[in-house]
Structures are given as C-alpha cells and as structure tokens.
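Undergrad: A structural model of the following input is requested.
(chains A, B and C, ligands or ions: 3)
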Amino acid sequence: MKRTLGTCYYPEQWPSDIWAEDARRMVAAGLTWVRIGEFSWAKLEPEPEKYDWAWLDRAIQTLGDAGLKVVLGTPTATPPRWMLTRHPDMLAVDRDGRPRKFGSRRHYCFSHEPYKVECAKIVGLMAERYGPNPHVAAWQTDNEYGCHDTTISYSDAARVAFQGWLAKRYGSIDQLNADWGNTFWSMDYPSFDDVDLPNLTVTEPNPAHSLAFRRFSSDQVVAFNRLQVDLIRAQTDAPIAHNYMGRITDFDHFAVGDDLEIACWDSYPLGFLEDRVGADAARQRAFARQGDPDFQALHHDLYRAVGKGRWWVMEQQPGPVNWAPYNPAPLPGMVRLWSWEAFAHGAEAVCYFRWRQAPVAQEQMHAGLLRPDSVDAGVMGELAQITAELADAPDVVPVQAPVAIVFDYDADFAWAVQPHGAGLSYFGLVLDMYRGLRALGLSVDILPATARDFAGYGLVLVPGMMMLADDLKSALNDSGAQVIYGPRTGARNAEMGIPNPLPPAIPNLDVTVTEVESLRPDMPIPLASGGNIVNYRDVLAGAAQSVLQTANGESVAMRDGLHTYLGGWLDPVAMADFLRAACVQAGITTIDLPDGVRIRDTGNERFWFNYNSDAVTCHGRTIAAAGVLRETRA
Amino acid sequence: MKRTLGTCYYPEQWPSDIWAEDARRMVAAGLTWVRIGEFSWAKLEPEPEKYDWAWLDRAIQTLGDAGLKVVLGTPTATPPRWMLTRHPDMLAVDRDGRPRKFGSRRHYCFSHEPYKVECAKIVGLMAERYGPNPHVAAWQTDNEYGCHDTTISYSDAARVAFQGWLAKRYGSIDQLNADWGNTFWSMDYPSFDDVDLPNLTVTEPNPAHSLAFRRFSSDQVVAFNRLQVDLIRAQTDAPIAHNYMGRITDFDHFAVGDDLEIACWDSYPLGFLEDRVGADAARQRAFARQGDPDFQALHHDLYRAVGKGRWWVMEQQPGPVNWAPYNPAPLPGMVRLWSWEAFAHGAEAVCYFRWRQAPVAQEQMHAGLLRPDSVDAGVMGELAQITAELADAPDVVPVQAPVAIVFDYDADFAWAVQPHGAGLSYFGLVLDMYRGLRALGLSVDILPATARDFAGYGLVLVPGMMMLADDLKSALNDSGAQVIYGPRTGARNAEMGIPNPLPPAIPNLDVTVTEVESLRPDMPIPLASGGNIVNYRDVLAGAAQSVLQTANGESVAMRDGLHTYLGGWLDPVAMADFLRAACVQAGITTIDLPDGVRIRDTGNERFWFNYNSDAVTCHGRTIAAAGVLRETRA
Amino acid sequence: MKRTLGTCYYPEQWPSDIWAEDARRMVAAGLTWVRIGEFSWAKLEPEPEKYDWAWLDRAIQTLGDAGLKVVLGTPTATPPRWMLTRHPDMLAVDRDGRPRKFGSRRHYCFSHEPYKVECAKIVGLMAERYGPNPHVAAWQTDNEYGCHDTTISYSDAARVAFQGWLAKRYGSIDQLNADWGNTFWSMDYPSFDDVDLPNLTVTEPNPAHSLAFRRFSSDQVVAFNRLQVDLIRAQTDAPIAHNYMGRITDFDHFAVGDDLEIACWDSYPLGFLEDRVGADAARQRAFARQGDPDFQALHHDLYRAVGKGRWWVMEQQPGPVNWAPYNPAPLPGMVRLWSWEAFAHGAEAVCYFRWRQAPVAQEQMHAGLLRPDSVDAGVMGELAQITAELADAPDVVPVQAPVAIVFDYDADFAWAVQPHGAGLSYFGLVLDMYRGLRALGLSVDILPATARDFAGYGLVLVPGMMMLADDLKSALNDSGAQVIYGPRTGARNAEMGIPNPLPPAIPNLDVTVTEVESLRPDMPIPLASGGNIVNYRDVLAGAAQSVLQTANGESVAMRDGLHTYLGGWLDPVAMADFLRAACVQAGITTIDLPDGVRIRDTGNERFWFNYNSDAVTCHGRTIAAAGVLRETRA
Ligand SMILES: [Zn+2]
Ligand SMILES: [Zn+2]
Ligand SMILES: [Zn+2]
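TA: Ligands and ions are numbered 1, 2, ... in the order given. Next up is the predicted model:
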C-alpha cells in the first residue's frame, strides 16, 4: 500500500473557471484525492425535484481529467430550505424541547421517516448518475454524524420511533417494566405508547430508560446510514466511507462501520484540545499549538478497528480553526507531524480540510491550504515536505500491536447515563489507560466489544466496560493473554441492573466489588507504591491475590493467573507502574518515554513523535520540536 | 423514652418469599421500625380505581408478625402513569415554562385540584384499611415535600390558585397594588385575573410579588398535607409524620408540622456537604467522608422544634449515596456518629435508608444495610455497635438549651427573593451563627417565629428575620434574656416594604440602619477586635452603646441593656468573640472547641463528637477519629 | 456654559402634599433639573384612552414654581398591564423562544407595530399638553433602550419586520444569498419569507445572517425613537434627549443621537465594575468602592460625541445600588469624584438617581439622596461640597483632545457575531486602548464611524473596526494625523465576508494579514521590547517597516509614513510603550500616571482624579484618596 494525500473541495463555492487551475495545483502539490459534494444539495436540487447535475458533472470531469480521484459525498447533512417547508417537523428537538432550526447544518432528526425518503431519493439519483463514473473512486455518506450533538433528538418523530423500537426489543410492556425495575417509583407503563422520552423529568429518569433511549438513538444512525449505503452499493464497487467526528461517542461507530469499506475521521488536534480532550488547563496551555499527544492516536487506532483495517483522515486541520473557545495557530511542523502520525497508525490517506479558505459563511476563519485570495498558505511548505518524504517512504507493512484495548460504545452510553462522579466518562477512562500504554512506548490495537479472538496479544485491557457479555468473558478467559478488567467492568447487566452475583463475576477470578465511590478532584487516594486512585473507585473483596494496595493497605487490584481486576482509576504515576508491571508479566518490552514523546511501530518502521515545543533527547535520539523521526525496523 | 432504630423497606420491589427472612434479619439487627409503602401507588392501584391491597396486607402482616412496627407512607409522591393520561395538566411547570415530566418522582403540582382529589381517594382508602391495623404504628404523608425543587410551580393551575389566594389575602386589587407599590414601574393590575406568576419577567419582578408567590406556594404544601392528615386522623390514633428533606426551606415546615405529631427528616451528611451546605472547597475536602459538623445538628434542633419535641431521622445515610456531584464512602465510624448525634439531640428513632440496596432504577448506586445480593454491607458492624450501646444507655432526659435561635421560613423566603449579594441566604446566616454557638460548646434550641415565651433562655438570637412582628418585638423585649438581633432583622414590613421609622425599630434600642451593603467574598471588612464582617453589612447610627467596631471605628453592634443589634455577618473569628462575650453577659458557660469537635448535652448525658479524620485531644479527653464520647451529666 | 446638577423624581410615587417640600429641598441642595414621568404610564392612562393629566400638571407646576427645570420623560418603557390584554403578542421573545413577560419594565418588542401606535398616541398627547409648558425645559424619550438585553427580540413581529428589512436592503433573494455566501452549507433561501431569525440553529448561524439581524435590530431602535422625537419636536423647541445605559452597544447610539439634541447616559460605576467592565477579580476588588478608573470616562467621551457636544449624566449613582452581584457602598468622596469627572469631560448636567430611596418594589435597595424616611442620606454632604465648588468654578471652555479613537457600533456587532476567542469584544479592545491613552495622561475624543474630518488630531486610533469604508480609508490617509489601525481593522467587507485583496488593504501601507489567531488567557505572546500580545493576533506580512516584534522576531506592528497597522491586542505594558512611542511620533506630550490616577483637560482647567483608596503623590502633587484636584490651565 502507498500512502496518499488529498483535500476537501467545494467547486459549487467557486467560479467554474478556476476549477481547472485548482485541480492542477492540487496535483502539483502531490494530492491524490479530492472530496466534493457533501454540502451541495441546494445546488443539486434547487427546487423540489428540479435537479441540476450539470455543474457536478463538469466538476468531476475537470478534477478527474487533472488526474485526481474523487470522493463523492452525499449531501444529506444539509437539506435545503424548501425541505423545511415540505416537512416542518423534520427538525431534531433539543433536551429542552426546542426545535433545532434551519440556518446551519445537520438540521434533521434521524427518526423522521419522510426526510429519510427524501434522502433516499437524492442519494439514489446520485448513485445512479455517478456510480459508474470512473473518476468517482470512493463515496462518503452524509457528514460527521453526531456532530453538534445531533445524535439524540427529543422530537415527536423520535418518540414514536422509540416506542416502536421498545416494542420490538421487549415484546411486552410487562417485560419492559420488569427489565427496567419500574416498580421502584411507581414508574410502570400501561403500554408502549405511554413511554415518553427521558428528558425534562422532575429528577433523573430511570437509567434503564435513558440507556434504552441512547441505544435506540444509535440504532437510528445506523439505519439512516445503511439506507444510503444500500443505494450506493447497488450502483458501484467503489468503497463507501463515512467521516466520523472526533470524540463523538453517542452512536456505535462499529455498527455503522460494518456497512462501510473505509472508516474516515476528521482530525482537528488544536480545536479538540480546547473543547473535548478533557485535559486540565496546564496541559491545554502546554500543548495549545500541538494538540494532545494521545488523542489523535487513539482515534487512529479506533478507526483502524472500525474500518477493519481500512481508514483515512478525511479532514486534517491545516492551520487555525474557527470553532474552539480559542483558536491558535499550530506550531510550525505540526501539520507534518499529524500527517505522519496518521500514516504511522496505518492511514491510507490524509486529506486536508480545506483546499481554499472560504471568505464567507460559518467557517471563514478556518484555515485552508490556500488563503482566500488563492495564494499558498504557509502550510504548503510542510505539505511539500510531506510529499517528498512520502515519495521516499517504503511500502506500508501493517502489524498487530502487542497490546489491545476493548472499546465498547454501549459502555460509553452507560457511563454517560450514570457517570456517578461529575465529569467522569468511559472515553476519559479509556484515554487515560491508552495514554498510560503510549507513555511506555507501546503501539496499541483497539478492538470492538464483539471481538472474541485475542490471538497474538500479550495484554488485553477491558476498562470500564459496564456490560460484559458472558461469551466475551469466556473468550477472554480462554485467550491466553494477560487481561486487565475494570474499574467498573461487568458492573451492569444488559438492562442496566446490578447483576447478582455482584460484579465483576469473572470466571476464575475471585473478586467482588462490595462498594463503589466517586472522588472529588482534590481527594485522590494514595497508593502504597506511589501514585493515586482518582475519580472512581471499586472497593474489592475476594480471595484473589492483591497486587496493588492503597496506602491504608486496601486492595486496588487483584489477580488470579492471567486475570487482574483493577478497582481504581489510576493517575499517570500509578498507571505507569501498574501497566509496566503488567507488561513484564506479559513479556512485552516497554520504553519509558518523556512527556509529549511518543512511538508508533509498523511492520517495517518505527516512528518517534515529539509533541513538545522544544527538542527532546531520549534513548539516544534527539527529536526536534514538533519533530518526526522515522527509523527502519527489522 | 427509649431510643429506637429502623429502616426503610420496599416489599413491592422484592419477591414476597424473602419478606419474612428480611423481617427476621431486621429484628436481629436491633431494628424496631420499618417504613413502607411511600412509592407503591402503581402496585396499589395498577389501573384507575382497580385496587390491589393483598400484597400490602401480607407485607404488613409479615413485618408485624416478626415484631416490627410499621410506618406506613402515603404514595402520593409517585402517581402512576395512568394518572397523567387522566390529568395531563397535573404536572408542575418549571421557571422556564416547561412541564416537569413523568419518569421519576414528585411529578405533580400542589395546586392541581383534580390531582388532590385523586390523592384524597387513595389516602382515604389506605387510612380506612390500615388505620385500624395494630402493626401500623405510625404514618408518613407523601415523601420529602419540596425535594427536587418541587414546591414552586409555574403551571396554569398554580396561576389560577395564586390569583384566588391573592384575592383572599388582599381583598381588593387596589389594596394589592398599594401594598406592593405597583406604581413604581406602572405595574398596577386592573384585576386579580391580570396577575401572572413572577417568572420570565424582563428583569426582576417586584419583590413583593415574588414574596407573595412564595408564601402562596408554601401554603399550598400545607393544604396538600392537611388534606391527607385529616383523612388519616379520622381512622387512627397513630402518630402522623412527614419526612422533610435537608436544606429545603421553600415552604413553612412549622406550618406543616402543626398538623403532625412527629417531624422526621432525611439526613444525608455526605451528599449534603457536596451539594447544599455551602462550605468552601477546603472544608468540603476536609469533611468529605464525614459531613459538615453542624449541618445535621442544626436540622436536628430545627425538627425538634417543628415536631414540638417529637422527631426522628427517617432516612439516615448508611454508605455512599448516588446523587451528589461526588459520592465518597463515609469514614468508618461515621454512621455510628451520625446516629448518636441524632439521639443526643433528642431523636426518638433513627431509620436507615434503605434496607437493601436496589439493583435497578434511579438509586441503584445508593448504599443500603444489605448489598444487592442480600449480604450484609460493611455498615452492619457499626449498626451492631449502636444496638449494643443503645441497650446500655440510660433513658432519655430532655432538657432546655441555654441558647435559642429563632428560625423563620418567611425570612428565608424574603432573603431568597432579595439576597442583595450573590449566594447569600437566610439559612446560611443562621447556620453560621449556629456554628458559632456550637464552636463554643453550646447546645441550642430552635424556636419558630410564633414563639412568644422565652423563659429559661439566657440568650436568644434573632438573625436576619426580615419581618419582625410587633408582638414578637414586645415578647423579646419582655423576655429577660439577652437578645441579639440582626443583621437585617426587622428590615421589611409584612409586604416587603422598608418600614418607616427605618429598621430595626426595636423598642428601647436606639439603633437605625442608615445604609446596607453586600460584600465581595474577597472584600471582608476588618474589625478592630479581630475577625471580619463578610457578605452583608448594615451601617448603624443611633445613641445605643457601640460594642463592636470596624477597624475604622464604625459601629458594627450596638447595645442597650439586654438588647443588641448586630449589623454585620461575622466570620468565624469575629463570631466566636462576639458570641462568647454575649454568653458572658448572659451568664452562660462556654467551652472553646477545636474545629470539627462538638458537644451536645441532654438532661443526663454529655456527648462529644469528633468529625475529624484524626483523633483529637482537648479538655482532658481524647476522642477517636469519627468518634463519640458519652459522659454522664449531673 | 455653567455646569448644573439635578435629580430623578417620581411624584406619582409619593403623596402630593410632600411635593412642594421636596422641591424646596432640591433647590436648597443646589439642584437645577428634575427628571420626572418616565415610568408613569399607568397613572397617566389608567385605562385605555382614559387619561389623568391632573396629577402631572400639578407636579410640573409645583416643581417649576420652586424654580426647578423639568425634564419630562415619555413613559413607553413601562406600558401598563391593560396593554398586554390588548396586544398579547407585543412582548419581546428571548433567544430560547420564551416571551419576556409583564411584571417589571421594558416588556415590549421594538418591532411590534400596534405597540408603536400606542406609543405614538401617548407621546403625542404628552407633547401637545406639555410641549408649551415653560417649566418643561427638556424631554427624554423612553428609558435606557437596550437595558436588560432588550434590543434583540426573537418574536414573530421581529421576524416579519426583519424579512421586510432584508427585502429592502438586498432587493432580491438572489442578492442576499450571494452576499451571505449561502451556498456554503446549502443555506440558500427561496424567498425572503423563508429567512428565519438566527436563533436556535443547530450550530452557529451564518455570521452574515447574524450581523444583518443585529443591524436590523439596531435600526428598529432608531425608528422607535424617531417616532417619538418627531411628535415631541412638533410641539416644542426644548431639547430632546435619551438616557443611554452604560456598556449597551447592541444598537447604534450615534444613529439614535442624530435625532436628539442631547445625549444622556446613566452612570453606575460600582455596579458596572461588578457586572460589565470585564476587569479581573483583583481589579474588581481594588476598585470595588470606587469603580473602574476609565470606564466612566470612556462613556463620557463617547456620549459627548453622540450628543455632538451636548451631553449629561442623567442618572448618577449616589450610594449602593441594588442590582449588581455585590453592592458595596462607595468610598466617601467618590460621588464628588464621579460628578467632577463628568464635568471635566464636558457634561452640562449631572443628575442623581434618585431623589428619595423607594421603600417598595424593585429598587428599594437602591440608595437615593434622601433615605426612605426623607432624612438626608450621607451623600448630601458631598453634594453640598460639589454645589459650593461649582459656584466657584470658572465657565466651561471646551477644547479638542490631541488624540481620537473611532468608535463604530457596527464593528461591535461584528465582533459580537464573531469574537473568534471566548469573551473577546470590540468594546473591550477599545477600552484597553483608551485605558492605555489615559494612563499616559491624555484626554481623548471619540469619533463616530462617519467622521471624515480629523483636523487637529495628532493621533487617531482605529482599533478593531472590522468594516472600514473606502472613503474613511481615504479620509484617514489624507488626515495628516498619525493613524493606528487594527488589530482586525478592515477585516471584513460590508456583508461580513473576507475582502480580496486581504485585510487590511490600507492605501500606501504594504501590510497583509495572512493568518489570525486567538489566544488562551494563559498564553500571551511575549514581545521583544517587553509586554505581550494577548487575546487576539493578526499575523502580518508585507514591505512596510516593522516597528514592533514578538520575542521570536515576528512583526506585530508595521508602519509606512504616518500609518501603522497594529496586529496584536496589547497588554498594559506593551500598550503603554507602543502608544508612548506613537505620541512621540505625533508630537504629543504624555505623562506616565500611577495606576488609578487620571487626568482630564478642558480649555482652561486640568483635573486630577485619584481612584485609589489611598492618597497618591506623583508629579509634584498629592491627591487624596478618592480625591479631585482642579488646576487652572493656560
Ligand atoms: Zn468537518
Ligand atoms: Zn429520600
Ligand atoms: Zn436607570
């Protein structure tokens, strides 16, 4: 496999007489891919069922003639204004009951059936017309499902669809009442029609109710996407992708990914550090021009899993963005670093968002490869370097990582419903454990909750996976890998109830969680061996061997053979010690890396990345600020 | 009187074949009381007017047969789902105009007349059926009035009822306009029908309007409760109680209590410290596993007054709760400390919430005496100790405290309407003064605003009581006690206007508040004698003797004979000095206690409590961390 | 011109038998002006079209007979309750779609045509009746337009009016779509009727859409005011004024002012420091009893420009206010300082709000010149001093300042729509530059965006003026003054698009902004010469001379001849250095002043003000805490 580059382009936003020159410059810059079309519905269908394909025909032809491969996006994230006139109730509704109005994007509810019919019509026509087009080398469905908190809608359409979903899942209302424990506060429902959406209740709704609504909402995204995929696939063999947005976990990306050939994601390291990584202010300042050193890498590994090996960065930040609380410029070199890090994790392509900065509308302060006046932006120098380096680089040799983390969207839903401590999330726990592995110089694979084959992994982490299926327990038990469970793994049954016997109920591991607590940020629990428990703690009992203790001597982790239950969310110091010891047990070599320095191995290369704003010397190497070292690997 | 223990139990949530064994274990653990029924409406009346009493008959029989006394709760805090179908407009409405939906609890508006008819029906039937039952030894109305901010509703039902209440109170709209000063911004109303609820106004509504609405809302709770009490009392002589929730002050607990025999309250020290005590972060951290050292005690003393001497803790936190921002486990020993502190303040009973941790629904992460798998939770060891200690303890000898604080819900409403400084509250002022007394080793009585007999008190505090009735002024004047008024006492007339002559207008005390100011938290005003004024200050003039001055020499407190007006909210240092001096004047002995150590006296016992996580030695005693010392008292 | 004093009085709120005595005391206190009437609609028209003028006739007569000049306010800020019955849809609607209800003031939408008809009726009648009255020496329209966030309304009336405004501005919907760049996310509108208000969109609306709505909203205020002015002017030659509220920038005060003779503003230094200055906590504490040393001065200079030289303080804080988060009392002397500072900046009159503190309704905790019991408040001592000083003071000699800042409301709208960094505002940038000039001892003139004549100014600042008209560029180019542009000046075209050639495109100044970034508060960019860029930065390229550099050597300011583009928001240290150097270039003498000390020059006097709570000695003078020095100037 050759690594490739691309960009996102909006021919409909520019005079057609500059398309050819734009295409020529793209090719000259070393780009292979150009993604187009995903916000163009109003140009394709300016009035209901009056279509204008001519401009898109011409755009594809022009780009293709220049030697570019087109990724064609379906435009369903931006229905035109006339759609609202036809379907005034198509809008999503927010938690407070307010319709989320026209005037930006993603203004639809995933449960609105007539809107889905409209989507099927436009997507079907596009697929028929461009499926056979040789320049269209890949497709993208919609754009960034879930972005702007759009997975969950409290509309009437959602309520009716939810009631249908419940009827299908539970069969009878008695079963639902029993599974949810509705006797608790006289919450029993006489019929499915009586079940409302779980917003605006007097105090918190039943967590089983909330979890069901999150599962339903996720399924609605999967169904919405599948409708498009089926129509496109009928017309073409080109791969179909979706561009997921970073840190959106409120629908199951694996389930959407099952219908796609390629998983793409949109990577904005500086914006993410400001608004969603969850780092404290000191780290936000330290990495404000570089991005978090692990956040992108985790997504790369996640989408490699979602894409079953095939994944891209569809939108790569090329300069300041417009949408974070603060929008600084990246340190020189960071665009190169980010690009190489994606390739190191196995990306097939990295596409920059966007070709030319728009002088109008919502993203006018979002940088592009070109300035609004068509002059090369400064980043084009880094792009030239990347292009040159790619030309010299060997072919990609994928390789399995020594360590795996199981990532389960259902667990994320459950934590979101019941964080127990303010600000706690499943994603945050996984990121902290992932960060701990990376700080030891490890490459990591992410596995879905459906994984049952763990061959080749020396160590498997299953943190915070509240619903742990019996056959997954068995598969892990039989895997031969060191397995670390918890905290909170196996804490709930499928309907959000506490199981009996009590959690975690891991076969051959005599550990019981007798009590749980969440911790104030200023109240860490010190460990005997250094570091602390923070955020969340399971209190443990049982006959398994205690392998980690609080300063008071209480067990924090307990092991039997290959299996260890970890009862606390560890801070970085404790995490490093704990994971280093687990790697020793698993026979995995670790390297202690300085803060901000990270390694990633492929089959034939080792990459060193320095996220710091100063050069770092370690392990016999000096890595420049914002630097990348590529080394050949045996 | 013997002190007793109990628990809260939900037979409808468990298979009936374990009830007998549960009852046996309760008795074995030393429990006397079991509270049941308060959330079971959907089981009692699964369809409108189709009743199922059999299970409750059986449960009461089983518990009673085991030797337990039943407290039976009316289920009106959790109307079933069919109730909504019958009365879609029964829901309360929040300040933003949004109905507060079904799906949790307390989903009703106190002003909805048809719902009150439904309540009367179910309560009447329960009273008829179980009033004569010998095992039902007490009753509880509803559950935690006001919890989840449910006293105040902006529904149409509330608006109509408010207009009726106004018509009754003011007689004519001209009177209302005059009393409220509506000329101020052309706010005069043509008729009572034109008076809307005071939410969503462009800027703040008239404080007289807001205060009237709070008084109305309080009266609605009183009326709602009285409806049930009247029906129950017609069928039984068993005492009737309500379980008030901590730090809920938006209805008049004394007025509700006038219709009841026993005042109960629900005590969750760790949850309260996190979400409602108002302590700063350092104190929240210091007492995160112990709770605030004075918050529960103040409630104990308050409910002793509300219950005219008869009061219980109906729900005592037994381990981590689920609902605070952070939910740590209590320090070992704290459940015992909390229990004994309640008894020291005169509680007849302490009941733990709940018997067995629920594996389902909203409170599944709330600890119980048993784990969800029915194994004893760790707290059962402390319970055994309490039971043993109670067996040895002498009979209770109640005694009047040397100091009293007048607590007035109407003052709390007035401060809530007009805090003048961000975050200031009447409750907070009272707590700070109560804390000051406790730090001097004093036991304290709370008195209602209706108190006129102060015999036996050496010192009476009347802080922040904005509406000070003339006959209360006279009674205090004649009491022979040292009286401390203010800050802000007497600041308003009955309709929230500034009286003329200016406040406080205390007979025989020549003090006038010429100006008031609120203070930034970073801007304390230093006193000449140490400590500071914080939060709120009355500027004083007059001929009375100045007994406390700012560093600039301005009067902060002024005295004439037994009467002192205090013009500033004092910090702990100034408070200790000021109250110690007042006690000297009153001939009351004080003991300076270390932080977190508290004393409470009964007629024959002195209790020492140590809220600290380390042992403390003081006044010749060493009290263990989370420890209780009981000493005989002459 | 003689400087005069006045007060705000509400005869309708007091028994008529005390009016004469009140008037006598006003005159005795040295007051010339008494403003009345502005909240009295319910007394003037207690029922629809039933008028009661008698009380107002009598009040004006009584006040006039005592020798006072009356400012008569139109009562349209407080429509009576019956108005709502007639026009239930007259209310403004907030961003969340909730009507802003009756019960306080300013409860109307500027776009509601029937309400405007009602306003015209009452104002017309008042003008007819009192226009000829010799005691009515000035008029005030409405009260504090925009206060309580009332400029912008999301009502149906506003939507319809906005669509009409758009049709008039853009002519065709195609033009609107093109100007706004609606192709961007398929946001094209089929017709003007399809354009909704820009609230509740899924993510941010098109900034062009938001800016148009802000411009429309501003125009609605102008039209509302003009309606009243035209009716009044038809009946009298007395000057007409409006009392603007501090830090309200969401409508164009210059455009409103064009229809008025006098600009008034309402000055509450302590309340403003707490809730709108934007100072950090340390400065809020340092000046909590004095107010910000530059905030009022900036408003004085602004309203001198709005009033084309004629301006007043219509409401001057006389003691604690009631509406800020914290409401401390002013330091003794501050009311005198504030009054003199207004006069030093050219105020014709300073009126104190209010004559007597109201014992009822919303502002009962707002101090007055009299206490509620009619006794003189403490501030009357300061008033006596001011009166005596005014008697001795020379006549006012206005003089042009050496420095001017252009202030553009349209720029404020644009920054509000697109702050780029959290909390950034145009007003904040202007205040920081104004503060920098004041710290150098300079007097400053404010100029409107329509200014084209800069004769007499040595230095003109044009910071942050995003839309810079071509003829203003020319006028500045030809002015002969040193001109400092930026940051962000010229960054957008008239429709909020990025212009091509790129900003700032200043003639004869070869500077291009190639990139912009916003900065975390903890991430200043150090300059080579000391101080930092904070908040916002333009990255500069071009051939002009670099006159300020970052520590890394990048250009921060670039000059060609008289013209300098400043690419960074400077902190106080950098600002002082930069402006001092600019003054040297411009031949303007500066004086480095200590923190909190300020100078203001008139033609014949120099005033020194000390905002500190301690005396300060500097430049050979000692100024008392809260002190004012007046010196004769050649
Ligand atoms: Zn994107
Ligand atoms: Zn409770
Ligand atoms: Zn005002």
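
Undergrad: show me what from the stretch 351-500 of chain A comes close to chain B.
TA: Residues of the stretch 351-500 of chain A lying close to chain B by Cβ under 8 Å from any Cβ of the partner chain are A:418, A:420-422, A:496-500. (C-beta placed from N, C-alpha, C; glycine too.)

Undergrad: from these, list just the buried residues.
TA: Among those, those buried by neighbour count (16 or more other Cβ atoms under 10 Å in any protein chain shown) are A:418, A:420-421, A:496-499.

Undergrad: now, which of the residues you listed sits nearest B:Tyr326?
TA: Proximity of those to B:Tyr326 (Cβ to Cβ) peaks at A:Gly421, which lies at 5.2 Å.

Undergrad: so what strands line up beside the lengthiest strand in chain A?
TA: When chain A is parsed with DSSP state E, its longest strand is strand A:532-541. Strand A:532-541 has its sheet partners listed here by DSSP bridges as strand A:512-518 (antiparallel), strand A:525-526 (antiparallel), strand A:568-570 (antiparallel).

Undergrad: who's A:Phe609 bridged to?
TA: What pairs with A:Phe609, by the bridge criterion (DSSP bridges), is A:Arg598, A:Val628.

Undergrad: show me what contacts it?
TA: A:293, A:337, A:340-341, A:344, A:597-600, A:623, A:627-628 (Cβ atoms under 8 Å, 6 or more residues apart in numbering or on different chains).

Undergrad: per-residue pLDDT, it?
TA: On pLDDT, A:Phe609 comes in at 98.

Undergrad: from A:Ala288, how far out is it?
TA: Going from A:Phe609 to A:Ala288 by Cβ to Cβ, to the nearest Å gives 17 Å.

Undergrad: which residues in the stretch 51-200 of chain A form strands?
TA: In the stretch 51-200 of chain A, the segments counted as strands under DSSP state E, counting those that start in this stretch are A:69-73, A:136-140.

Undergrad: columns mean neighbour count and mean pLDDT on top of the ones you listed, output as CSV?
TA: Output for the strands of the stretch 51-200 of chain A, formatted as CSV (neighbours: other Cβ atoms under 10 Å in any protein chain shown; pLDDT from 0 to 100):
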stretch, mean neighbour count, mean pLDDT
strand A:69-73, 26, 98
strand A:136-140, 24, 98
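
Undergrad: wait, which of those strands is closest to B:Thr201?
TA: When these are compared by Cβ to Cβ, strand A:69-73 sits nearest B:Thr201, at 47.7 Å.

Undergrad: tell me the angle the closest one makes with strand A:136-140.
TA: Angle between the axes of strand A:69-73 and strand A:136-140 is 30 degrees (criterion: axes from the mean of the first three to the mean of the last three Cα atoms, to 10 degrees).

Undergrad: hmm, strand A:69-73 touching chain C?
TA: No - Strand A:69-73 lies out of reach of chain C by Cβ under 8 Å from any Cβ, never closer than 12.1 Å.

Undergrad: now stretch A:126-142: how far from the chain's centre is it?
TA: Computed by Cα atoms, centre = their mean, to the nearest Å, the chain-centroid distance of stretch A:126-142 equals 25 Å.

Undergrad: now check it, is it near chain C?
TA: No - under the criterion of Cβ under 8 Å from any Cβ, chain C is not reached by stretch A:126-142; the shortest gap measures 12.8 Å.

Undergrad: tell me which residues are up against that stretch.
TA: Here stretch A:126-142 has contacts from A:33, A:35, A:37-38, A:44, A:53, A:56, A:60-61, A:63-64, A:68-74, A:76-77, A:224-225, A:228-229, A:231-232, A:234-236, A:238-243, A:260, A:262, A:264, A:314, using Cβ under 8 Å, 6+ apart.

Undergrad: neighbours of the residue in chain A that chain C sits nearest to, just the number please.
TA: Here chain A gets closest to chain C at one residue, A:Val360, 2.6 Å apart by Cβ to the nearest Cβ. When neighbours are defined as other Cβ atoms under 10 Å in any protein chain shown, A:Val360 has 23 of them.

Undergrad: ditto for A:Ala241
TA: Per other Cβ under 10 Å, the neighbour tally for A:Ala241 reads 24.

Undergrad: ok, now A:Ala279?
TA: Neighbour tally, A:Ala279, other Cβ under 10 Å: 18.

Undergrad: what sits against it?
TA: A:273, A:287, A:292.

Undergrad: what's the closest of those to B:Ala557?
TA: Nearest member of those to B:Ala557, counting by Cβ to Cβ, is A:Leu273, at 53.7 Å.

Undergrad: touching ligand 1 at all, the host helix or strand of the closest one?
TA: Assigned by DSSP states H and E, A:Leu273 belongs to helix A:269-275. No - judged by Cβ under 5 Å from the ion, helix A:269-275 stays clear of ligand 1, getting no closer than 10.2 Å.

Undergrad: what distance separates the next helix or strand after that helix from the centre of its chain?
TA: As assigned by DSSP H and E, the chain's next helix or strand after helix A:269-275 is helix A:281-286. Here the centre of helix A:281-286 is set off from its chain's centre by 23 Å, with Cα atoms, centre = their mean.

Undergrad: pretty sure A:Ala342 sits in a strand.
TA: No - A:Ala342 sits outside any strand when classified using DSSP: H, G, I helix; E, B strand; the rest coil, being helix.

Undergrad: which residues touch it?
TA: A:Ala342 makes contacts with A:267, A:296, A:300, A:313, A:316, A:350, as judged by Cβ under 8 Å, 6+ apart.
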